[in-house]
Every structure is written in C-alpha cells, then in structure tokens.
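Enquirer: Please find the sequence and the predicted model below.
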Amino acid sequence: MDQKKECLVCKKSSSETPVTKFYYQTSEFYICPQHIPVLIHNPQELIGLLPNADKLQKG
C-alpha cells in the first residue's frame, strides 16, 4: 500500500508543503512544520488522528 505523504493534521500533501516522516507504534506518519509543535507540546490534539494519542504525554 502506498501511503500518501500528507500532514496528519491539515492533510496538506508534500507537493503543497514540506512534510517530515515520523514513526509511532511501528507505523509511519507525516507532519508539516506548522503542526510539529502540536506533536511536541499538545499531543492530546492528535486524538482521533494518531492511534493511542491519548497515551502521549504533553512535552
């Protein structure tokens, strides 16, 4: 399966904005620079977008 390279949060593709790949629980995800602070400082905002985000602690 070919995963789209798009931001987990805003769904912008890598053709629209730079995206960075990250790994979580053996899966690959992409996030854009605008939303990296969400991943770091407010991971609870990713509930429903990232599996088990409710288990992530605020950075």
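Expert: Okay, I see it. Numbering: from 1, shown residues only.
Enquirer: what's near enough to touch residue 29?
Expert: Residue 29 sits next to 8, 21, 22, 23, 50 when contact means CB atoms under 8 Å, 6 or more residues apart in numbering. (C-beta placed from N, C-alpha, C; glycine too.)
Enquirer: Contact partners for the closest residue to residue 27 other than its chain neighbours?
Expert: Of all residues not flanking residue 27 in the chain, residue 51 sits nearest, at 7.3 Å (CB to CB, 6 or more residues apart in numbering). Counting by CB under 8 Å, 6+ apart, residue 51 makes contact with 24, 25, 27.
Enquirer: and the last one, how many neighbours does it have?
Expert: Just to be clear, that refers to residue 27. Around residue 27 there are 10 other residues, counting by other CB atoms under 10 Å.
Enquirer: just to revisit the earlier point, which one of the contacts of residue 51 is nearest residue 34?
Expert: residue 24 (18.8 Å; CB to CB).
Enquirer: and that closest one, how many residues sit next to it?
Expert: The number of residues near residue 24, taken as other CB under 10 Å, comes to 15.
Enquirer: Just the pLDDT at it, thanks.
Expert: Note for residue 24: predicted pLDDT of 94.
Enquirer: How about residue 57?
Expert: Reported pLDDT for residue 57: 77.
Enquirer: Give me the buried positions along stretch 35-52.
Expert: For stretch 35-52, burial by neighbour count (16 or more other CB atoms under 10 Å) applies to 35, 38, 39, 43, 46, 50.
Enquirer: With adjacent residues omitted, what lies nearest to the first one?
Expert: Read that as residue 35. residue 9 (4.2 Å).
Enquirer: can you pull the contacts of the one you found?
Expert: Residue 9 neighbours (CB under 8 Å, 6+ apart): 31, 32, 35, 38, 45, 46, 49.
Enquirer: Greatest separation within those: which pair is it?
Expert: Among the contacts of residue 9, the pair separated by the greatest distance (CB to CB) is 32 and 45, at 14.2 Å.
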